[in-house]
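> Give me a model of this one.
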Amino acid sequence: MRGFYIGRFQPYHDGHHRMVAEIAEEVDELVVGIGSAGDSHTTRNPFTAGERVMMVTKALESLDIPTYVVPIEDLDRNAVWVGHVQSMTPKFDVAYSNNPLVVRLFEESGVDVRQSPMFQRDVLEGTEIRERLVTGGDWESLVPDAVANTIHEVDGVDRIRQISETDASD
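From the prediction side, this is the model:
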């Protein structure tokens, strides 16, 4: 059975990794969708699709199942979004998500959807990690080592700090 899990992964963090590890216990293969693939270089979406593919691919090397990491650009028409996703990915049997809209869209399209518990959502959350990247807080303990290495490799810390600055005067 092949599963599908989608996220923006800005960045991919230990909460995502725990969820993927649980999904891997239920499926034989896993497709990971990199959502909002066209967005980058903003404080909400600092990393490119290619950088996120690197993060996820390297973090998933330790899994004992085949994985496929696929960038998926946004489509601003929810009624056809699932078909768009299915056209961009290998065929999958079950989708995993905790996003209420994503769950609803898959269910309306007849796709089996499963939800998983979130892990330490108070800190394992993209907004918190991006804030720590900007302010110099401890973010590296919240992401797999492969992700921290990728962020350093692409100069992601300096990028998010620079793009978070404002040109407004006080």
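> can you give me the helices for the protein?
Assigned by DSSP state H, the helices in the chain fall at 14-24, 49-59, 81-88, 100-108, 126-135, 145-153, 156-164.
> what is the orientation angle of the fifth one with helix 14-24?
Inter-element angle recorded for helix 126-135 and helix 14-24: 140 degrees (by axes from the mean of the first three to the mean of the last three Cα atoms, to 10 degrees).
> before we move on, what about the third one?
Here the directions of helix 81-88 and helix 14-24 differ by 70 degrees (the same axes, to 10 degrees).
> how far out from the middle of the chain is helix 81-88?
Distance of helix 81-88 from the chain centroid (Cα atoms, centre = their mean, to the nearest Å) equals 17 Å.
> go on, stretch 55-74?
Distance, centroid of stretch 55-74 to centroid of chain: 10 Å (Cα atoms, centre = their mean).
> Using CSV, write down the CA coordinates of it.
Presented in CSV, the C-alpha positions along stretch 55-74 are these (Å, rounded to 0.1, in the frame of the first residue of the first chain):
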residue,chain,number,x,y,z
MET,A,55,15.6,18.5,3.4
VAL,A,56,12.9,15.8,3.2
THR,A,57,14.8,13.4,1.0
LYS,A,58,17.9,13.5,3.3
ALA,A,59,15.8,13.2,6.5
LEU,A,60,13.9,10.2,5.1
GLU,A,61,17.0,8.2,4.1
SER,A,62,16.8,6.3,7.4
LEU,A,63,13.3,5.0,6.6
ASP,A,64,13.1,1.4,5.6
ILE,A,65,10.6,2.0,2.8
PRO,A,66,10.7,3.6,-0.6
THR,A,67,9.9,7.3,-0.6
TYR,A,68,9.1,9.7,-3.4
VAL,A,69,9.3,13.5,-2.7
VAL,A,70,7.2,15.5,-5.2
PRO,A,71,6.9,19.3,-5.4
ILE,A,72,3.2,20.4,-5.8
GLU,A,73,2.4,23.9,-6.7
ASP,A,74,-0.7,25.6,-5.3
